[in-house]
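Enquirer: this one's sequence-less:
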């Protein structure tokens, strides 16, 4: 199971309907957070996710993307957390002061990341990539490790193998003797299959580096702060329009695009959705508390 929960989808300031940026990814017991805007822990409580996070990834140190972190860590400490928490993000000189403010009763490590850095987290990884936002900022690629190829039961039976423990032996990469010959794993097991890939841009102008990072992603979560009629302003403040996000999705050949970081000027995000779908049809606009499950591509065929 791989689920994405949008805890906050506004940009710069909250609205009645939208909290500040925060996205939760849940995968087989692991829970990681991308950005932690003000009010994130309350959104987690509303969704009954629990607050035991495995890791936190901050895209950049603008206030709307991290001010929920002190309160969240304080609550974890108040509830008796003892496990270490790693908080990943770009370099920021204010981190020691932030830790002093929180004074947690468990270990919190702030780990500086730069574009290209890869964090291995068991059966998946998170890689930082460069974005264009005018300050030290990055996006993140969440990617599962490759899966084993499909086992061809019909081929196995044609080679004289009956269902049973020998199938498992082959799936473990070991050969099996049948009469006077060996059946090799590659005789009955197809090529490895890719895991799922989710890309979160944080705040950015459209960029070739984002296209490269998002290539063939199952899900691209791209900021779309403004509509296309404000493209000059978007460029000036280091943000993207909905149509620009859709163009990135097309170039990267992603499966699905979700727009987030919506400006407070849009009480109705329909104009953003309409302009994006003219370019990339499989687009939706995230609303707070939207939860989606990300399937494997071979399940879509």
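Expert: Received the coordinates, thanks. All figures in this text were calculated on a predicted structure; none of them were measured in a lab. Numbering: from 1, shown residues only.
Enquirer: thought residue 126 was touching residue 140?
Expert: Yes: using CB atoms under 8 Å, residue 126 is in contact with residue 140, at 5.4 Å. Every residue, glycine included, has its C-beta placed from N, CA and C.
Enquirer: okay, those two: which has more neighbours?
Expert: residue 140 (29 against 22; other CB atoms under 10 Å).
Enquirer: so that one: helix, strand or coil?
Expert: Recorded secondary structure, residue 140: strand (DSSP: H, G, I helix; E, B strand; the rest coil).
Enquirer: which residues touch residue 296?
Expert: Neighbouring residues of residue 296 by CB atoms under 8 Å, 6 or more residues apart in numbering: 147, 193, 195, 196, 218.
Enquirer: show the pLDDT at it.
Expert: For residue 296, the pLDDT comes out at 91.
Enquirer: which of the contacts of residue 296 ranks first by neighbour count?
Expert: Neighbour max across these (other CB under 10 Å) = residue 218, 22 neighbours.
Enquirer: distance of it from residue 197?
Expert: Going from residue 218 to residue 197 by CB to CB, to the nearest Å gives 5 Å.
Enquirer: kindly report the same for residue 147.
Expert: Residue 147 is 13 Å from residue 197, by CB to CB.
Enquirer: same thing with residue 67?
Expert: From residue 67 to residue 197 the distance is 29 Å (CB to CB).
Enquirer: those two - which one has more neighbours?
Expert: Of the pair residue 67 and residue 197, residue 197 is the one with more neighbours under other CB under 10 Å, namely 22 against 16.
Enquirer: gap between that one and residue 139?
Expert: 13 Å.
Enquirer: before we move on, what about residue 86?
Expert: 18 Å.
Enquirer: looking at the two, which one has more neighbours?
Expert: The neighbour comparison of residue 86 against residue 139 (other CB under 10 Å) goes to residue 139, with 30 against 17.
Enquirer: would you agree that one is in contact with residue 205?
Expert: No: contact criterion CB under 8 Å: residue 139 and residue 205 do not qualify, at 11.8 Å.
Enquirer: now do the shared contacts for these two.
Expert: Residues touching both residue 139 and residue 205 (CB under 8 Å, 6+ apart) are residue 131.
Enquirer: wait, isn't residue 267 in contact with residue 15?
Expert: Yes: using CB under 8 Å, residue 267 makes contact with residue 15 at a distance of 7.4 Å.
Enquirer: more neighbours, those two?
Expert: Legend: neighbour count by other CB under 10 Å for residue 267 and residue 15, higher for residue 15 (17 against 10).
Enquirer: out of everything not next to it in sequence, what's closest to that one?
Expert: In space, and not counting its chain neighbours, residue 15 is closest to residue 264: 4.9 Å by CB to CB, 6 or more residues apart in numbering.
Enquirer: and residue 162, what does it touch?
Expert: Contacts of residue 162 (CB under 8 Å, 6+ apart): none.
Enquirer: measure it to residue 153 for me?
Expert: 11 Å.
Enquirer: repeat that for residue 228.
Expert: Distance from residue 228 to residue 153, by CB to CB: 52 Å.
Enquirer: what's the answer for residue 246, then?
Expert: Residue 246 is 42 Å from residue 153, by CB to CB.
Enquirer: of these two, who's got more company?
Expert: residue 246 (29 against 12).
Enquirer: if you average pLDDT over the helix or strand where the more buried one lies, what comes out?
Expert: Assigned by DSSP states H and E, residue 246 belongs to helix 242-252. Helix 242-252 carries an average pLDDT of 98.
Enquirer: other residues contacting it?
Expert: With CB under 8 Å, 6+ apart, helix 242-252 has contacts from 205-207, 210-212, 214-217, 220, 222-224, 226-228, 231, 234, 240, 257, 259, 271-273, 275-280, 283.
Enquirer: report the buried members of these.
Expert: Among the contacts of helix 242-252, the ones that count as buried by 16 or more other CB atoms under 10 Å are 205-207, 210-211, 214, 217, 220, 222-224, 226-228, 234, 240, 257, 259, 272-273, 275-277, 279-280, 283.
Enquirer: average pLDDT across stretch 187-202?
Expert: The average pLDDT within stretch 187-202 is 88.
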